[in-house]
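Novice: predicted structure and sequence below. I'll ask about it afterward.
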Amino acid sequence: MRNKFDEQLSILNNELIIMGTLCEDAISSVTKLLINNDKKMKEFVLETDKEIDRKEKDIESLCMRLLLHQQPVASDFRTVSSALKMISDMERIGDQASDIAEMAEYVNCSGLKSEIHIADMARATIQMVTDSIASFVKKDVDMAQSVIIHDDIVDDLFDKIKGELISAIEQGSANAEVLCDLLMIAKYFERIGDHAENIAEWVIYSMTGKHVNSTK
């Protein structure tokens with residue numbers, strides 16, 4: 001019975017890694033679309049989001065089978081319950097990458113995009129997502145902790161972008177619709193950072209049994 005359970009836990013681990021890689025692909029590709037105006041990335045991001053949704057359902061089903069049909073000990077229960085939390089955050093990362101992809105074409109024709117720190121925020125967010133997934137793969141508590149700390153950088157960049165957009169409004173340097181779209185895109189990146197932070201917190205909980213913070 002235990003061998004079967006361990007085998008299914010191994011499958012769960014691999015499925016989480018695959019889903020995490022899809023999230024990395026989505027956020028990296030939407031950044032290429034936004035920063036480099038690489039239009040072929042839009043369809044890829046939207047399709048990747050659909051694959052992330054399918055993977056969430058598969059993993060959720062596997063987790064429920066592990067909880068209902070096996071007899072997990074405390075550490076196993078932490079692993080499975082953390083997985084359920086992580087896939088929820090991963091699914092939201094896919095959704096928000098898709099939202100950015102839908103809005104990118106409306107801001108790519110504006111010169112304002114290059115005048116604000118949106119590229120820096122995108123890169124910082126990619127780093128958080130990549131490191132949160134890597135901390136799970138490597139079972140690295142220190143790396144997970146660094147993701148949590150790194151969220152302050154993303155939050156600071158969001159505040160900076162808000163200030164830059166306010167200045168643009170005051171100077172009348174762009175139309176209101178583009179300004180609103182850029183602010184929404186920045187907000188989506190901030191939320192992706194929050195989800196990466198949540199994943200890191202659940203990685204720590206799965207290994208230590210301790211909650212770092214309440215998730216955002």
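Specialist: Done, it's in.
Novice: hmm, Thr48 is touching Ser28, no?
Specialist: No: counting by C-beta atoms under 8 Å, Thr48 does not reach Ser28; the two are 9.9 Å apart. C-beta: built from backbone N, CA, C; applies to glycine.
Novice: more crowded one of the two?
Specialist: Legend: neighbour count by other C-beta atoms under 10 Å for Thr48 and Ser28, higher for Thr48 (24 against 18).
Novice: so that one is in which element?
Specialist: helix 41-69 (DSSP states H and E).
Novice: list the buried ones in stretch 35-45?
Specialist: 35, 38, 41-42, 44-45 (16 or more other C-beta atoms under 10 Å).
Novice: looking at the residues you listed, which one is closest to Cys63?
Specialist: The shortest approach to Cys63 among the buried residues of stretch 35-45 belongs to Val45, at 26.4 Å (C-beta to C-beta).
Novice: thought the closest one was touching Lys32?
Specialist: No: using C-beta under 8 Å, Val45 is not in contact with Lys32; the gap is 9.3 Å.
Novice: one step back: pull out the buried positions in the helix holding Thr48.
Specialist: The neighbour-count check on helix 41-69 (16+ other C-beta under 10 Å) flags 41-42, 44-46, 48-49, 52, 55-56, 59, 62-63, 66 as buried.
Novice: where's the dip in pLDDT among these?
Specialist: Looking at the buried residues of helix 41-69 by pLDDT, the weakest one is Leu66, with 88.
Novice: just checking, that residue touches Leu84?
Specialist: No: under the criterion of C-beta under 8 Å, Leu66 makes no contact with Leu84, lying 10.2 Å away.
Novice: name the element the residue nearest the centre of the chain belongs to?
Specialist: Taking C-alpha atoms, centre = their mean as the criterion, Ile93 is the residue nearest the geometric centre of the chain, at 3.8 Å. In the assignment (DSSP H and E), Ile93 maps to helix 74-107.
Novice: for that helix, what is the average pLDDT?
Specialist: Helix 74-107 comes out at a mean pLDDT of 92.
Novice: which parts of that helix are buried?
Specialist: So helix 74-107, judged by 16+ other C-beta under 10 Å, has buried residues 76, 78-83, 85-101, 103-104, 107.
Novice: swap in stretch 142-157?
Specialist: 143-148, 150-151, 153-155, 157.
Novice: about what we covered before: please compute how far the helix holding Ile93 lies from its chain's middle.
Specialist: Mean C-alpha position of helix 74-107 versus that of the full chain (C-alpha atoms, centre = their mean, to the nearest Å) differs by 6 Å.
Novice: for it, packing partners?
Specialist: Applying 3 or more C-beta pairs under 8 Å, 6 or more residues apart in numbering; DSSP states H and E, we find helix 74-107 packed against helix 2-36, helix 41-69, helix 176-208.
Novice: at 10 Å instead, please
Specialist: In terms of contacts (3 or more C-beta pairs under 10 Å, 6 or more residues apart in numbering; DSSP states H and E), helix 74-107 is packed against helix 2-36, helix 41-69, helix 118-138, helix 176-208.
Novice: rewinding a little: which ones are touching the residue nearest to the centre of the chain?
Specialist: 19-20, 22-24, 26-27, 49, 52, 125, 129, 132, 188, 191-196, 198-199 (C-beta atoms under 10 Å, 6 or more residues apart in numbering).
Novice: go on, Lys162?
Specialist: By C-beta under 10 Å, 6+ apart, the contact list for Lys162 reads 116, 183, 186-187.
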